[in-house]
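In: Provided below are the primary sequence and the corresponding predicted coordinates.
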Amino acid sequence: MNYEEARSLFYEIVDGLLDVINKTEYLGKYFYHSPIGYEDLWFSLSFDYDQKGTLKKDEVYRIAIFENQIYYHFCKGEKPVPMSQKEVFEGLYLVDGFFPDTRTIIRDLPEKKF
């Protein structure tokens with residue numbers, strides 16, 4: 001996916017998740033405050049996790065929200081190196097250059113909607 005498509009899909013998913021969490025009363029007991037917002041999420045969406053080589057240069061490899069920032073990882077070549085779930089949860093993906101063949105753009109949240 002290109003940047004605009006991936007960003008739109010990501011926000012559709014994340015905003016939908018936040019909407020469900022905030023409107024479902026019994027879920028409130030699992031969070032220390034309400035309503036839940038971007039700053040409360042640690043969420044990642046990968047577009048070629050299994051490294052099937054379907055992504056091209058400048059397409060989005062992964063988008064992630066962590067510590068009230070959003071991370072866009074773009075392919076610089078054909079096949080970025082995938083990570084294990086353990087590495088994702090340890091936050092190693094936040095280090096630019098962790099993927100040998102990606103570039104990262106980091107923005108503070110909330111981003112301006114398009």
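Out: Ah, there it is. Just so it is clear, the model here is predicted, and its values are computed rather than measured. Residues are numbered from 1 along each chain as shown.

In: ok, now which ones touch residue 35?
Out: Listed by Cβ atoms under 8 Å, 6 or more residues apart in numbering, the contact partners of residue 35 are 18, 22. (C-beta placed from N, C-alpha, C; glycine too.)

In: separation between it and residue 45?
Out: Look at residue 35 and residue 45: by Cβ to Cβ, to the nearest Å, they are 22 Å apart.

In: could you do residue 70 as well?
Out: The separation that residue 70 has from residue 45, given Cβ to Cβ, amounts to 11 Å.

In: overlap in contacts of these two?
Out: Each of 63, 64 lies in contact with both residue 70 and residue 45 under the rule Cβ under 8 Å, 6+ apart.

In: between these two, which one's more packed in?
Out: A direct count of neighbours by other Cβ atoms under 10 Å for residue 70 and residue 45 places residue 70 higher, at 22 against 15.

In: partner residues bridging that one?
Out: Listed beta-bridge partners, residue 70: residue 65, residue 107 (assigned using DSSP bridges).

In: tell me if I'm right that it and residue 112 touch.
Out: No - under the contact definition of Cβ atoms under 8 Å, residue 70 does not touch residue 112, with a separation of 11.5 Å.

In: how many other residues sit next to the closest residue in space to residue 46 that isn't next to it in sequence?
Out: With sequence-adjacent residues excluded and distances taken as Cβ to Cβ, 6 or more residues apart in numbering, residue 46 is closest to residue 62, at 4.6 Å. Neighbour count of residue 62, defined by other Cβ under 10 Å: 25.
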